[in-house]
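A.B. asks: structure of the sequence below:
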Amino acid sequence: TDILQLVHSDLLGMLLMTSLGGYLYYANFVDDFFRQTWIYFLKKKDEVFKWFRSFKALVENQTRKKIKISRTDNGTEYESNEFNDYCR
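C.D. replies: This is a model prediction of the structure:
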């Protein structure tokens with residue numbers, strides 16, 4: 001296995017208390033090889049696609065490698081047509 005070979009993602013929330021910025025959820029992205037974790041705070045569940053694109057651009061630019069497999073829990077926030085089209 002290598003860096004970005006497998007990236008796990010999950011969306012957590014609705015948090016019991018809204019943050020100062022109004023965030024109710026957070027998405028985490030974990031590289032399976034190094035176990036490094038990135039956290040993005042969201043106000044709405046449907047923002048996960050926006051933050052996945054941002055995360056993907058960041059790590060692929062920094063490592064010069066591509067994400068091979070993205071594993072999720074198949075939550076509805078990961079099943080939008082927009083998300084599926086992007087990942088093809």
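
A.B. asks: just the helices in the chain please.
C.D. replies: 48-63, 81-87 (DSSP state H).

A.B. asks: quick one: contacts of the first one?
C.D. replies: Applying Cβ atoms under 8 Å, 6 or more residues apart in numbering, the external contacts of helix 48-63 come out as 3-4, 9, 11, 27, 29, 31, 38, 40, 42, 66-67, 70, 77-78, 80, 82-83, 86. Any C-beta I mention is one placed from the backbone N, CA and C, and that applies to glycine too.

A.B. asks: could the C-alpha coordinates of that helix be exported in CSV?
C.D. replies: Extracted C-alpha coordinates of helix 48-63, given in CSV (Å, rounded to 0.1, in the frame of the first residue of the first chain):
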residue,chain,number,x,y,z
VAL,A,48,-19.4,17.3,1.9
PHE,A,49,-18.9,17.1,-1.8
LYS,A,50,-17.4,20.6,-1.9
TRP,A,51,-14.9,19.7,0.9
PHE,A,52,-14.0,16.4,-0.7
ARG,A,53,-13.0,18.2,-3.9
SER,A,54,-11.0,20.7,-1.8
PHE,A,55,-9.3,17.9,0.2
LYS,A,56,-8.6,15.9,-3.0
ALA,A,57,-6.9,18.9,-4.7
LEU,A,58,-4.9,19.7,-1.6
VAL,A,59,-3.5,16.2,-1.0
GLU,A,60,-2.9,15.4,-4.6
ASN,A,61,-1.1,18.6,-5.1
GLN,A,62,1.1,18.1,-2.0
THR,A,63,2.0,14.5,-2.7
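
A.B. asks: which of the helices of the chain sits most buried?
C.D. replies: Compared across those, helix 48-63 shows the largest average neighbour count, a mean of 15 (mean count of other Cβ atoms under 10 Å).

A.B. asks: which members of the contacts of helix 48-63 are classed as buried?
C.D. replies: Buried subset of those (neighbour count, 16 or more other Cβ atoms under 10 Å): 3-4, 9, 11, 27, 29, 31, 38, 40, 42, 67, 70, 77-78, 83.

A.B. asks: which parts of the chain are strands?
C.D. replies: In the chain, the strands defined using DSSP state E lie at 6-13, 25-31, 37-42, 69-71.
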